[in-house]
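Fold the following.
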Amino acid sequence: MSRSRNRATCADKLKVLSDPTRLSVVRELMAGPKSVAQLIHVLGLEQSLLSHHLQTLRSAGFVLARREGRSRSYYLASKIMSGAKNSINLGCCQLDFDQVAGTDRTARRSR
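Down below sits the predicted model:
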C-alpha cells in the first residue's frame, strides 16, 4: 500500500511540473531567490498568470516565499534541492535540466 501511495505522490509531483511555465519558474529559481517582478521580467508573464503558477508550486511544496518589504521573494524548497547543479530531487526521481537543450526537460529515475 505504501508503494502505490509513493507512486501516486510521484505522479502528482510530475503532473505539477508537466506545465512548461511552472517548469520555467522552477528553473529560474534554481539560480536563487527571485521576486515576482524579476520572474515577470525574465519569463514575460502576466502577474496574474505567474501568481497562479506560483501558488500551484507552493501547494505542491516545490516553492516557498518570504516577505521582503512590500514584495515577496520566492525560492526553491530545500527538500527538492539536489547536490547536482541544474537538477532537483523529487524523491521518486531526479529532474535534470542539463540532459536536454532548450525547453525540453527529462526526468531520470533515481536508484
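
contacts and neighbour counts: CA atoms only from here.
Will do.

Spatially nearest residue to Gly61 (excluding sequence neighbours)?
Nearest non-adjacent residue to Gly61, counting by Cα to Cα, 6 or more residues apart in numbering: Ala77, 6.8 Å away.

Model confidence score at the one you found, please.
Model confidence at Ala77, expressed as pLDDT, equals 92.

ditto for the one 10 residues further on
Model confidence at Ser87, expressed as pLDDT, equals 83.

Dig out what it forms beta bridges with.
Ser87 has the following beta-bridge partners by DSSP bridges: Asp96.

re the thing from before, please name the residues that touch the residue nearest to Gly61.
Residues counted as contacts of Ala77 (Cα atoms under 8 Å, 6 or more residues apart in numbering) are Gly61, Phe62, Val63, Leu64.

Can I get these in a markdown table including distance to Leu95 and pLDDT?
As requested, the contacts of Ala77 are exported to a markdown table (distance: Cα to Cα, whole Å; pLDDT from 0 to 100):
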| residue | distance to Leu95 | pLDDT |
| --- | --- | --- |
| Gly61 | 15 | 91 |
| Phe62 | 13 | 93 |
| Val63 | 15 | 95 |
| Leu64 | 19 | 96 |
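
Among the residues you listed, which one sits closest to Ser18?
For the contacts of Ala77, the residue nearest Ser18 by Cα to Cα is Phe62; the value is 13.3 Å.

List the residues that contact the closest one.
Leu76, Ala77, Ile80 are the contacts of Phe62 under Cα under 8 Å, 6+ apart.

Redo these as CSV? Include secondary structure and distance to Ala11.
As requested, these are exported to CSV (DSSP: H, G, I helix; E, B strand; the rest coil; distance: Cα to Cα, whole Å):
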residue, secondary structure, distance to Ala11
Leu76, strand, 19
Ala77, coil, 19
Ile80, helix, 15
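
Out of those residues, which comes closest to Arg22?
Distances from Arg22 to the contacts of Phe62, taken by Cα to Cα, are shortest for Leu76, at 12.2 Å.
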